[in-house]
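[1] Show me how the following folds:
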Amino acid sequence: MTTTAPAPADRPTTGPTAARDTAPTTARDKVDLGTIAVVPTRHWWRWILSGLLLFVVAQFVWSLVTNDRYLWGTFAQYFFSEPVLIGIGYTLSLTAISAVVGFSLGTLLALGRLSASPLLSGVAWGYIWFFRSVPLVVQIIVWYNLGYLYPTLGLGTPFTTDFWIVEFPTVQLVSAFAAAILGLGLHQAAYSAEIIRGGLVSVDPGQHEAAAALGIPASRRLFRIILPQAMRSIVPNATNEIIGLVKGASVVFVIAIPELFYAVQVIYNRNSRVIPLLLVAVVWYTLITTILSIAQYYIERYYARGSARALPPTPVQRARTWVRTQWARLGDSPAPPGGTDAETPTAAKGARA
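    Prediction:
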């Protein structure tokens, strides 16, 4: 804050002369910014809430260490056990195959929904409506017991059971693993179709019109122009669905597939150590979800290249910049802003020269 000296008494306080005399001058209005005290804003409620959250987290961590009922020894014993690792393999296999089936079929269904053909649009809508209406566990059980409805499947005379070309027993064709893939994949396709359709619709219609005006074929317009722009909207929701598949694969325990949750159930039914075995499953599911979340971050960053002038730094890049800054502070000179040589005073002086 600065103060203004009062005008001399022998000078008029009104009129043109007074206006000229009271006009600001360079010497009078010069302010030393270094003398101004900068007072940061106090966020009291933010600090109070942060303290409470820190206390709750510390209390929970303390209970994890001191509560003997968690049985961390049992947890460590079974974390890398063979049944658990086999269950993880089944879980990842079911997730990967079901995701490929679901998103491949979902893409066709999304294009069918957007088709100008009433037949294709109606069939696609009916598929999505049906598979979103039936619970996943019911679908898996129906596929597993398909042999009860159709003992044999094959090719032959239409509208008959005369499979003179090829014939398979349904029980052998649709095994437990195949039933799980069919249930998870077809169920996922219904949700993936709406995610992909929403991403395609979110693209500016002008992109369609401009590409069509240039004479670009429809397939190339879709895969080279429309779909890359739609991926920015598709990737977050698609990753959510894949993470849901990782956890949704646990429902296949109803048909005795030894995935992760089923393997954990078998073990704690034998030794009655429910909590530590469930923690084994929780930690493994968390690790898989973390890896998928990291992959989502980099995929989103890749498809953001066309919408952002400069991509935000990755966590690794931020960590490197922070380390360079802290290391530079150990020396005699302050760290250059941004950590690049081009921003140093010497480089700036050379650029001006």
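[2] Please enumerate the helices of the stretch 1-150 of the chain.
    Under the criterion DSSP state H, counting those that start in this stretch, helices of the stretch 1-150 of the chain are mapped to 16-21, 26-29, 44-66, 72-79, 82-113, 118-133, 136-144, 146-149.
[3] Kindly reformat those helices as a markdown table and extend each row with mean neighbour count.
    Quick note: C-beta positions are derived from backbone N, CA and C, even for glycine. Formatted as a markdown table, the helices of the stretch 1-150 of the chain follow (neighbours: other CB atoms under 10 Å):
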| stretch | mean neighbour count |
| --- | --- |
| helix 16-21 | 10 |
| helix 26-29 | 8 |
| helix 44-66 | 10 |
| helix 72-79 | 15 |
| helix 82-113 | 19 |
| helix 118-133 | 14 |
| helix 136-144 | 18 |
| helix 146-149 | 13 |
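[4] Could you export the ones you listed to TSV, including columns for mean pLDDT and distance to residue 234?
    Output for the helices of the stretch 1-150 of the chain, formatted as TSV (pLDDT from 0 to 100; distance: least, CB to CB, whole Å):
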stretch	mean pLDDT	distance to residue 234
helix 16-21	50	66
helix 26-29	56	57
helix 44-66	93	34
helix 72-79	93	35
helix 82-113	94	9
helix 118-133	94	16
helix 136-144	93	22
helix 146-149	87	32
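[5] what about residue 305, which SS state?
    coil (DSSP: H, G, I helix; E, B strand; the rest coil).
[6] Please list all residues in contact with it.
    The neighbours of residue 305, taking CB atoms under 8 Å, 6 or more residues apart in numbering as the test, are residue 311.
[7] got a pLDDT number for it?
    In this prediction, residue 305 carries a pLDDT score of 76.
[8] Can you say which of the helices of the stretch 1-150 of the chain is nearest to residue 203?
    The closest approach between residue 203 and any of the helices of the stretch 1-150 of the chain, judged by CB to CB, belongs to helix 82-113 at 12.7 Å.
[9] Show the contacting residues for residue 169.
    Each residue near residue 169 by CB under 8 Å, 6+ apart is listed here: 147, 151-152.
[10] returning to that earlier point: okay, the helices of the stretch 1-150 of the chain in TSV with distance to residue 254 next?
    Rendered in TSV, the data for these read as follows (distance: least, CB to CB, whole Å):
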stretch	distance to residue 254
helix 16-21	91
helix 26-29	81
helix 44-66	32
helix 72-79	23
helix 82-113	13
helix 118-133	18
helix 136-144	6
helix 146-149	15
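[11] among the ones you listed, which is nearest residue 218?
    helix 82-113 (10.4 Å).
[12] And that closest one, what does it pack against?
    When contacts are defined as 3 or more CB pairs under 8 Å, 6 or more residues apart in numbering; DSSP states H and E, helix 82-113 packs onto helix 118-133, helix 176-201, helix 227-248, helix 260-271, helix 274-303.
[13] now those in JSON lines, with distance to residue 71?
    What follows is those, written out as JSON lines (distance: least, CB to CB, whole Å):
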{"stretch": "helix 118-133", "distance to residue 71": "41"}
{"stretch": "helix 176-201", "distance to residue 71": "31"}
{"stretch": "helix 227-248", "distance to residue 71": "24"}
{"stretch": "helix 260-271", "distance to residue 71": "10"}
{"stretch": "helix 274-303", "distance to residue 71": "4"}
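[14] I'd like to know which of those helices lies nearest to residue 35.
    When the helices and strands packed on helix 82-113 are ranked by proximity to residue 35 (CB to CB), helix 274-303 comes first, at 44.7 Å.
[15] Beyond that closest one, next helix or strand please.
    Elements were assigned by DSSP states H and E; along the chain past helix 274-303, the next helix or strand is helix 315-329.
[16] Please report how far residue 118 lies from residue 127.
    Counting by CB to CB, to the nearest Å, the separation of residue 118 from residue 127 is 15 Å.
[17] if we take the contacts of residue 169, which one ends up nearest to residue 172?
    When those are compared against residue 172 (criterion: CB to CB), the nearest one is residue 147, at 8.8 Å.
[18] mind listing what the closest one touches?
    Contact analysis of residue 147 by CB under 8 Å, 6+ apart lists 169-171, 174.
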